[in-house]
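> Structure of the sequence below:
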Amino acid sequence: MTRGRAAGGVVLLGVLLAAVGPACAGEPYERLAAIVHAHSDLSTGELSLEELADMAERQGLGAVLLAENYLNRVEYGLPPFRALTRVTYESPSVAGRLDAYFARVAQARAARPRVLILPGVETMPHYYWTGSPLSLAMTLHETQKNVLVWGLDRAALERLPVIGNAARGVAGFQTFVDVLPALLIVPGAMLLVRPRSQRRRLGPAVVVVRRRAWLPGLVLCALGVTAIVRAWPFTQSPYPAWADAGSAPYQDLIDDVERAGGVSVWSLPEARDAGEHAVGPVRVTWTTEPYPDDLMKTFGYTAFGAIYEDTTRVEWPGDVWDRLLGEYVAGQRTRVPWALAEAAFHEASAGKRVGVIQTVFLVRERSEAAVLQALRAGRMYALRRGRDTALALAAFAAASAGAEAISGEMLRATPGATLEVTVALAGEPRPADVRVTLVRNGSVAAVWSGSTPFRATHRETWDGRPAVFRLEARASGGGRLLSNPIFVRTP
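Model prediction:
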């Protein structure tokens, strides 16, 4: 997108906003378009932070939410001595150099002040193996079943309860087994210290020769010391890699982030990942199956990736997201699971472009704290640009008897009162044909078709039962917009 086209889109959106009024009277929110879940060359990305910021600015984005890999390492060890026989593969991550990570973000912010850069991490709470190298076939599961984390300082990040983080390890039976080979140091030292007597015949005479068993002694001591080094710090993950632990490791991480004051986001819950690699004669495959059910099994997370460059259905009317929202209004959840758009951007050469997948935050100021507060409160909408046009949510509000609420907010209304839900959309940089669906408690309440700038109002006499309204719009050329919900309850 050129700067001229971006400016034209802003003018068009401003005209529509002036016509329909602000999204919520008296609330001076600014729309801050962002790319959520981006990697730089600090971990597994291709671009530097400055290049990412420049690319985002060219696409009209005002923020980049980084999700650099954190402790991106997998290990396998043969039983029973798993530490001694451990083989490790690790790809670039920011684990162990978090101070440098934060310093690098601060440097990029100063160099590119027009784009807000937020540091965050992509975590792998757990993975597990099936198969055996003895059978020449092994499978690694769930390495792409990830949770994104923002809003934590270095100390909190260092203690994240993810598999392989020694700071959160526990002592267990496997720890004891892994240390056992250290006992080999005792016989090894005895062989080195105490010479052995050997009789040798030299002609008619017999000579007694005293020699130390250097080779076996050194081998035993080396094995013992290696066992100690590899077993250090004498702990293991609470959920080891040789068994499926279900949703427990993920819930532990979500709870830990919540206690530390951060935000956690389930990443790409319906994406698949699979591959295969030969390690000598052993065929190693890896797979991560879609995991939308884990959105139902876990609690307290902030949001999930609802729109990304893949086919999704959790946000379909009546599907997983509506069931989650129903649990919230029924009091079975204390936190609303918000929806966002997740770019998962690593490199332009992978066929992805910055700016196609956007999350638009409603903020009062352009700061990290304001973005995270909007994320926690659900003041945002998810967007996928079409070939020629992107939709902009000019208004989505529910009103009754003078009270009004926008996405993420609760409207208090009186049973029997008239309830109005107002929708307004713009097309940027040019108009587009749209089909707009209003979902109420998991069912389609209204469907409209038209062209942008678009405006519609849904009216009903509220029956007094808790209601959840959310919006989806699809535009010609593949554009799409998904709002977060508005809740209606009695005072």
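
> For the helix or strand hosting Arg109, name the packing helices and strands.
For Arg109, the host element (DSSP states H and E) is helix 98-111. Here helix 98-111 touches helix 49-58, strand 116-118, helix 154-158, going by 3 or more Cβ pairs under 8 Å, 6 or more residues apart in numbering; DSSP states H and E. Glycine gets a C-beta too; all of them are placed from N, C-alpha and C.

> Of the ones you listed, which stretch is the most buried?
For the helices and strands packed on helix 98-111, average neighbour numbers computed from mean count of other Cβ atoms under 10 Å are highest in strand 116-118, which has a mean of 23.

> Against Gly188, how distant is Arg104?
In this view, Arg104 and Gly188 are 47 Å apart by Cβ to Cβ, to the nearest Å.

> What values do phi and psi take at Ala34?
For Ala34, the backbone dihedrals (degrees, to the nearest 10) come out as phi -140, psi 150.

> Could you check the pLDDT of it?
Predicted confidence (pLDDT) for Ala34: 98.

> got a list of what it touches?
Counting by Cβ atoms under 8 Å, 6 or more residues apart in numbering, Ala34 makes contact with 61-65, 116, 358-361, 371.

> Which one of those residues is nearest to Phe234?
Ranked by distance to Phe234 (Cβ to Cβ), these are led by Leu65 at 37.3 Å.

> mind listing what the host helix or strand of that closest one pairs with, with the direction of each?
Taking DSSP H and E as the criterion, Leu65 maps to strand 63-66. Paired neighbours of strand 63-66 in the sheet (DSSP bridges): strand 30-38 (parallel), strand 116-118 (parallel).

> Ala205: which of those strands is closest?
Taking the strands paired with strand 63-66 one by one with Cβ to Cβ, strand 30-38 is closest: 82.6 Å.

> Give the buried residues for that closest one.
31-38 (16 or more other Cβ atoms under 10 Å).

> now the angle between helix 49-58 and that strand, please.
140 degrees (axes from the mean of the first three to the mean of the last three Cα atoms, to 10 degrees).

> Can I get strand 30-38 in CSV, CA atoms only?
Below are the C-alpha coordinates for strand 30-38, written out as CSV (Å, rounded to 0.1, in the frame of the first residue of the first chain):
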residue,chain,number,x,y,z
GLU,A,30,-8.0,5.7,18.8
ARG,A,31,-7.9,2.8,16.4
LEU,A,32,-4.4,1.3,16.4
ALA,A,33,-3.8,-1.4,13.8
ALA,A,34,-1.2,-4.0,14.7
ILE,A,35,0.4,-7.1,13.6
VAL,A,36,0.2,-9.7,16.4
HIS,A,37,2.7,-12.6,16.6
ALA,A,38,5.7,-11.6,14.6
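
> where does the chain dip in pLDDT?
When residues are selected by pLDDT under 70, those of the chain lie in 1-27, 197-201, 203, 206-210, 349-351.

> Please repeat the previous calculation with a cut-off of 80.
For the chain, the stretches flagged by pLDDT under 80 are 1-28, 196-211, 348-353.

> Show me it divided up by domain.
Structural domains assigned to the chain are 174-231, 386-491, following automatic domain parsing.

> now the residue most central in space within the chain: how far from Ala100?
Central residue of the chain (Cα atoms, centre = their mean): Leu148, 2.5 Å from the mean position. As for Leu148, its distance to Ala100 is 20 Å (criterion: Cβ to Cβ).

> Same question for Ala473.
42 Å.

> give me the number of residues near Tyr70?
Neighbour count for Tyr70, taken as other Cβ atoms under 10 Å: 27.
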